[in-house]
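> how would this look folded up:
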Amino acid sequence: MNRINVAVIGVGNCASSLIQGVYYYRNVKDDEKVPGLIHTVFGEYRIRDINFVAAFDVDPRKIGKDLSQAIFTEPNCTLKFCDVPPMDVIVQPGPILDGVAPHMEEAFGLSERGPVEACEVSRVLEASNADMVINYLPVGSYNATRFYAEAALKAGCAFINAIPEFIASDSFWAKKFEEAGIPLAGDDIKSQVGATILHRTLVNLLETRGVKVDETYQLNIGGNTDFLNMTDESRLKSKRISKTEAVTSLLPYDVNVRIGPSDYVHFLNDRKICYIYIKGRKFGDVPLTIDVKLSVEDSPNSAGIMVDVIRAVKLALDREVGGPLTSISAYAFKHPPEQVPDHVAVKWVEDFIEGKRVR
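Numbers count the residues shown, from 1 in each chain. Below you'll find the model as predicted:
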C-alpha cells in the first residue's frame, strides 16, 4: 500500500478541515470527481493514501490528546463535516518561540496553565517516519517557522509552508533544501475559491480585456483565531506582501492597492467575508467599477488544495527531487518562488504529474 506519512504543525482549524476531508473522501472511487482536487488520482496517489503520523501544538488543551479529538478542541471553530476515528497520534508539545503573540495567550489556553515543556521535534519526526511536514503556525511566526523548517531538514522531511512566512520563496532556504535533496513547497496556501484567487481572476480578466486598472482593495473579516491573531498589525507584514503580490504580479504596471485582513468579528467563527473593489478605465477612458462580496467557510476552503500539494510533494520525494517545487507552488500558494498566471500554473502541475517537468 502506498502511504504518504504527514506531520502537522499547529492543530487548528486548517488542520481540522484537512484531516476531516481525508476521512470524508477515504472511500471515493477513482472515477469520481472530488470538488477542489485537480485529480482524484494524482499521479499514483489517492486521498486515502494520506496518513497522519505526528502533530505539534502549544495549547495545553490539545497536547496529549489523540489527534482525532484535538482537531475538535477549542478554540477550533470550523465546520464539522466528518467524524474522525481514533488515529493513534498523540499531539506533542512544540516550542512557542514567536508562535504566540501576547494577545493570543488566552485564546491558546496559555493564560492560566502556562506552556508545556517542548518535545524534541526532529526526533519525533524521525520516529514517526514522516515523509513531510505541514506548517500551519499562526501568521507572524517568523522564528518558529524557521525552527520547524530546520527540524524538517534534520529529520529528512519535506516541508510544506502553508503560512505567509517566506521559506520556499527565499533563496537561502531554497538552497538549503535543494542541497539536502528534500522537496519544499510554499508559501501561504491559496483557497479553492477564496479572496486571493477571485481577486486574481478578476484582475486577470480586466488585463486580458484591455482595461487599465487604477486602484483596487481587498478587505477580509472573520471570527477564527487566525483573524484574532492578525489584529496585531506587527504580525502582518509578510501576509500583506504575500496577498498583494499575488494580485499585482498579474499587472505589468503599478496600481494603487490595499489588500489584507481588516477586522476580527468573533461571532463569524470560521466564516470569512471578503470585499473586493476594482476601479479601472476602458475604451475612451470611460470608468468601470467592480464590487464583489464573497462569504466562505474559511478552513475547508484550502483543505482540498493541500491534498493536492501533499501528493505532489510525495511524487517529488519518489523522484528524488530536492528544493522548491515551482509547479505546485505556483498553483497552490500566494507567494511561490515563481509567480505565473493561474492557467499556466495548472499546466505546470499537469506536466509535473506526467514527468514532463522536473519540479
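
> for Arg258, grab the count of nearby residues.
13 (other CB atoms under 10 Å). Heads up, the C-betas are built off the backbone N, CA and C, glycines and all.

> isn't it right up against Tyr217?
Yes - in this structure Arg258 lies within contact range of Tyr217 using CB atoms under 8 Å: 4.4 Å.

> A helix includes Phe159, no?
No - assignment of Phe159 by DSSP: H, G, I helix; E, B strand; the rest coil gives strand, placing it outside any helix.

> in the sheet, who's paired with it?
With DSSP bridges as the criterion, Phe159 is bridged to Val133, Leu184.

> need the pLDDT of it.
For Phe159, the pLDDT comes out at 98.

> mind listing what it touches?
132-133, 135, 148-149, 152-153, 167, 177, 182-186 (CB atoms under 8 Å, 6 or more residues apart in numbering).

> of all the residues you listed, which two lie farthest apart?
Tyr148 and Pro183 (15.4 Å; CB to CB).

> Asp214 belongs to a helix?
No - read with three-state DSSP, Asp214 is strand and lies in no helix.

> I'd like to know how many residues surround it.
Neighbour tally, Asp214, other CB under 10 Å: 13.

> residues contacting it?
So Asp214 contacts Val255, Asn256, Lys279, Gly280, Arg281 (CB under 8 Å, 6+ apart).

> and the pLDDT for it?
pLDDT, read off for Asp214, is 97.

> so what are the domain limits for the protein?
4-190+300-353, 195-297 (automatic domain parsing).

> now, of these, which is deepest in the fold?
Of all these, domain 4-190+300-353 has the most neighbours on average by mean count of other CB atoms under 10 Å, namely a mean of 20.

> secondary structure class for the most far-flung residue of the chain relative to its centre?
Distance from the centre of the chain peaks at Gly284, with 41.6 Å (CA atoms, centre = their mean). Of the three states, Gly284 takes helix according to three-state DSSP.

> same check on Val100?
Going by three-state DSSP: Val100 is coil.

> start at 39 instead
Renumbered: residue one is now 39, and that last one reads Val138.

> so who does the nearest residue to it once chain neighbours are set aside touch?
Excluding the flanking residues, the one nearest Val138 by CB to CB, 6 or more residues apart in numbering is Phe146, at 5.6 Å. Counting by CB under 8 Å, 6+ apart, Phe146 touches Val96, Asp97, Pro113, Val138, Thr263.

> distance check, Val345 against Tyr302.
To Tyr302, Val345 is 28 Å away according to CB to CB, to the nearest Å.

> same question for Val162.
Taking CB to CB, one finds Val162 at 33 Å from Tyr302.

> need the domains of the chain in JSON lines (columns: distance to Arg397).
Output for the domains of the chain, formatted as JSON lines (distance: least, CB to CB, whole Å):
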{"stretch": "domain 42-228+338-391", "distance to Arg397": "5"}
{"stretch": "domain 233-335", "distance to Arg397": "19"}
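
> low-confidence ranges, the stretch 39-188 of the chain, go.
Across the stretch 39-188 of the chain, the ranges flagged by pLDDT under 70 are 39.
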